[in-house]
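Asks: need the 3D shape of this:
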Amino acid sequence: MSERRTARHRTAQPRTAPSGDGVAEAARDEARTYRHGEDRPLRGYVLVMAVFAALVAGAAGLVAASGRRLPHGIGPWDLLLITAGTHKLARTLSKDAVTSPIRVPFTRYSGTGGPAEVMEDARTASGVRHAIGELVTCPFCLDMWIATGFAFGHVFAPRVTRLVAATFTALAGADFLQLLYARGQQAAGA
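Replies: Okay, the predicted model is just below:
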C-alpha cells in the first residue's frame, strides 16, 4: 500500500495559483461563455461599476471627514419625495427629447417613445461607450445613481435635496395628470 501511495504522490501535480496571464485568460473565457455570442460590454460595465463605487466611497469619506452623522432614518414624506423624484429625474435624463444632447456621445436616435420621449440605442463603438449608453438610456439603471445622490444629498444638504426631490415629484405628478387629462379628452370625443 505504501508503494501505491508513493506512486500516486509522484504523479499528482501540486496545485499552483494561476499566473497573471492564466487569470486573464480564464476571465476572457468566462466572459465569452457569458456573452454566448451576444455583444455585451463587460469591461465597460466593470468601469461604470467602479466609477459608481468610487463616487459612493468618496461621498462616504466626505461624510466621515466632515463629522456629519447619518440620519437616524428617513421619514415617509422624505422617502416619497426621493422615490417620486428619482423616478422623474431618471426619466428626464434618459428619455426626454430636450436632454438628448447629453446622451448624444453614447447613443443613436431610433424613434419616438412615449409622450415627449425618444427612444435611443447605445452606440457600440467601444465597450465603455456602449455601457454608458445603456446606462443613460435606461431609467431603471439611472435610478440607482439618482437615489444614491439623493441619499447623500439628504446627509449633506437636506433642505436643498428636499426642494429638488419635491420639484421632480411635482413634475411626475403633473405628468400623470396630463396623461389622465388626455385620456379624458379621448374618452369625451369617442
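Asks: give me the nearest residue to the residue nearest the centre of the chain, chain neighbours excluded.
Replies: In the chain, the residue lying closest to the centroid (CA atoms, centre = their mean) is C141, at 3.6 Å. Nearest residue to C141, sequence neighbours excluded (CB to CB, 6 or more residues apart in numbering): L135, at 5.0 Å. Heads up, the C-betas are built off the backbone N, CA and C, glycines and all.
Asks: one more: L142?
Replies: Closest residue in space to L142, ignoring its immediate chain neighbours: A90 at 4.1 Å, by CB to CB, 6+ apart.
Asks: so who does that neighbour touch?
Replies: Neighbouring residues of A90 by CB atoms under 8 Å, 6 or more residues apart in numbering: P139, F140, L142, D143, I146.
Asks: all strands for this protein, in order.
Replies: 107-112, 118-122 (DSSP state E).
Asks: now for the residue nearest to the centre of the chain: which residues touch it?
Replies: When contacts are counted by CB under 8 Å, 6+ apart, C141 touches S94, E134, L135.
Asks: ok so, going back, so which of the strands of the chain is the most packed in?
Replies: Among the strands of the chain, the stretch with the highest mean neighbour count (mean count of other CB atoms under 10 Å) is strand 118-122, at a mean of 18.
Asks: what packs against that strand?
Replies: For strand 118-122, the packing partners by 3 or more CB pairs under 8 Å, 6 or more residues apart in numbering; DSSP states H and E come out as helix 100-103, strand 107-112, helix 127-136.
Asks: could I get these as a markdown table with distance to V118?
Replies: Formatted as a markdown table, the helices and strands packed on strand 118-122 follow (distance: least, CB to CB, whole Å):
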| stretch | distance to V118 |
| --- | --- |
| helix 100-103 | 6 |
| strand 107-112 | 6 |
| helix 127-136 | 12 |
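Asks: can you say which of these is nearest to F176?
Replies: strand 107-112 (19.8 Å; CB to CB).
Asks: keeping just the C-alphas, turn that closest one into CSV.
Replies: Presented in CSV, the C-alpha positions along strand 107-112 are these (Å, rounded to 0.1, in the frame of the first residue of the first chain):
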residue,chain,number,x,y,z
THR,A,107,-26.5,56.8,-28.1
ARG,A,108,-28.1,56.9,-31.5
TYR,A,109,-31.7,58.1,-32.1
SER,A,110,-34.0,55.3,-33.1
GLY,A,111,-37.5,56.9,-32.8
THR,A,112,-40.1,58.5,-30.7
